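> Give the three-dimensional model of this entry:
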Amino acid sequence: MPAYHIPLPGSLRLRLLGISILLALPLLLSSVATATQPIRFAPLPMESREVIVRAFNPLVAYLEKQLQDPVEMVYFDDRQEILTAFEQDELDLVFLGPLPYVALRQRMPEVEPLVFFMEPAGDARYRCALITFFGDDIVLSELRGQPFGLTSRLSTCGYLGAEAMVRDHADLSLKDIAYRYLGTHEAVIFAVVRGEVVAGSVKDEFAHKYAPLGITIRAYSDWVPATGLFANARTLDADHIQRIRSILLATPPEEFDQWGVTIRHGMAPASDDAYAGFREFGDPAEIP
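Okay, here's the model as predicted:
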C-alpha cells in the first residue's frame, strides 16, 4: 500500500519543527559539551615521557569507558607547569606526590583528594631513600660540599625529603651540600651509578627497582602518603568527583594489573588528613 502524506499548514509545520528542536536541544548540547570538553588529566613526570604515557594510558581508557565521558591525557615535563595549569583550571585531574599536592593545596583549597595508589607492599605510604653506589666508601656525615642529586624542587623526595634525611642521618643541611636538580628519579639513579654525584635522594620504589645496578640505600625518611589522584572541584561537579572516586575504588584487580608499575597495586581512599606528618618536613614555599 503506498504511503500518503497529509500536507500540513505552514504555521503548524513550523510550530512542530520548533517543538522538535526544543526537545532535542538538551541532547545536542550534552553531546557537544562531551565532545568538546574532555576530562583533562595530567600525570606526574616521575620517569621518562614514554614510560609515563605507557603506564597511564590503560587508566585513562578505563575511566573513559566507565564514565562514558572522554578523558584526555595532557603531559607536562615540569611539575610546576602541572600545578600552574591546574590553578588556571586547565586540568580536571592530576596524579601527584605529597609535596606537589601540599604546595597546590596551600594556594588552591578546591583540590580534592580522590584515591591513593597502593605501594607494592600493600601500603598507602612510602619513604624517600638516600642512595649511594655499592662499594663507594662514603660517610654520610662527610657529605659537606659533595655533589648530591635531587629529582626536582617540587618532588617529595627532592629538597624537603632529602633535607629531612641529611638532617637526621648526617647532621647536615642541604645548604652545606652541593646539591643539583636532575629532573627524574631515574636521572638521579643513573647519575649515582655513573659517579656524577656521590649520593642522591629518590623514592624507595626506584631505589629497590634499580638495586641490581649497584644502588645502595643508606637512609630512609619518615613515611609519607602514597602518590594519588586529585580532582579540581572548580571544573568538576561533586557528582563527577564522587563517581570517579567510586569507580576507582571498585576497580577489579584484573583491570589495574594492566596499569603501570606505580599504579597497579590497588587504591585506597585519600584525604587531606593523611598529610599531617608530611607537613612537618617543612614548608614548600620556603624551598630555595
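
> ok so residue 47 is a strand residue?
No. Assignment of residue 47 by DSSP: H, G, I helix; E, B strand; the rest coil gives coil, placing it outside any strand.

> right, and it touches residue 188 too?
No. Using C-beta atoms under 8 Å, residue 47 makes no contact with residue 188, being 11.5 Å away. Using the backbone N, CA and C atoms, a C-beta is placed for each residue, glycine as well.

> Which one of those two is surrounded by more residues?
Remark: of residue 47 and residue 188, residue 188 carries more neighbours, 34 against 19, as counted by other C-beta atoms under 10 Å.

> Now do the contacts for the more buried one.
131, 149-151, 182, 197, 200-202 (C-beta atoms under 8 Å, 6 or more residues apart in numbering).

> any idea how far it is from residue 149?
Distance of residue 188 to residue 149, given as C-beta to C-beta, to the nearest Å: 4 Å.

> residues shared between the contacts of these two?
Counting by C-beta under 8 Å, 6+ apart, the residues touching both residue 188 and residue 149 are 182, 197, 200-201.

> Quick one, which of those residues are buried?
Taking 16 or more other C-beta atoms under 10 Å as the criterion, what is buried in these is 182, 197, 200-201.

> What is the nearest of the residues you listed to residue 111?
Taking C-beta to C-beta as the measure, residue 201 is the one of those closest to residue 111, at 25.1 Å.

> returning to that earlier point: so of the buried ones among the shared contacts of residue 188 and residue 149, which ones are in strands?
When those are checked against strands (DSSP state E), the matches are 200-201.

> ok, of the buried ones among the shared contacts of residue 188 and residue 149, which one's closest to residue 279?
Nearest to residue 279 among these is residue 201, at 18.6 Å by C-beta to C-beta.

> Surely the closest one and residue 151 touch.
Yes. Using C-beta under 8 Å, residue 201 is in contact with residue 151, at 7.3 Å.

> Now for the two: what residues contact both?
Between them, residue 201 and residue 151 have 157-158, 188 as joint contacts when contacts are counted by C-beta under 8 Å, 6+ apart.

> Distance to residue 220 added to those, as CSV?
Listed next are the shared contacts of residue 201 and residue 151 as CSV, based on distance: C-beta to C-beta, whole Å:
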residue, distance to residue 220
157, 11
158, 16
188, 16
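
> And these, which is closest to residue 209?
residue 188 (12.4 Å).

> So which residues of the stretch 1-150 of the chain form strands?
For the stretch 1-150 of the chain, the strands defined by DSSP state E, counting those that start in this stretch cover 39-42, 71-73, 93-96, 111-117, 125-126, 128-133, 147-150.

> Residue 270 is nearest to which of those strands?
Taking the strands of the stretch 1-150 of the chain one by one with C-beta to C-beta, strand 111-117 is closest: 3.7 Å.

> Grab the CA positions of that closest one and hand them over as CSV.
Extracted C-alpha coordinates of strand 111-117, given in CSV (Å, rounded to 0.1, in the frame of the first residue of the first chain):
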residue,chain,number,x,y,z
VAL,A,111,41.9,20.5,45.0
GLU,A,112,40.1,17.3,46.2
PRO,A,113,42.0,14.1,47.1
LEU,A,114,40.3,11.1,45.5
VAL,A,115,42.5,7.9,45.9
PHE,A,116,45.9,6.9,47.0
PHE,A,117,47.7,4.3,44.8
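
> beta partners of the most centrally placed residue in the chain?
By C-alpha atoms, centre = their mean, the mean C-alpha position of the chain lies nearest to residue 95, the distance being 1.7 Å. Listed by DSSP bridges, the beta-bridge partners for residue 95 are residue 229.

> any idea how far it is from residue 236?
Distance of residue 95 to residue 236, computed by C-beta to C-beta: 15 Å.

> measure residue 86 to residue 112 for me?
Residue 86 is 11 Å from residue 112, by C-beta to C-beta.

> Next: residue 145.
Look at residue 145 and residue 112: by C-beta to C-beta, they are 44 Å apart.

> And residue 188, by the same measure?
Residue 188 is 31 Å from residue 112, by C-beta to C-beta.

> Then residue 147?
From residue 147 across to residue 112, the span is 40 Å (C-beta to C-beta).

> and what of residue 54?
Noted for residue 54: a distance of 27 Å to residue 112, by C-beta to C-beta.
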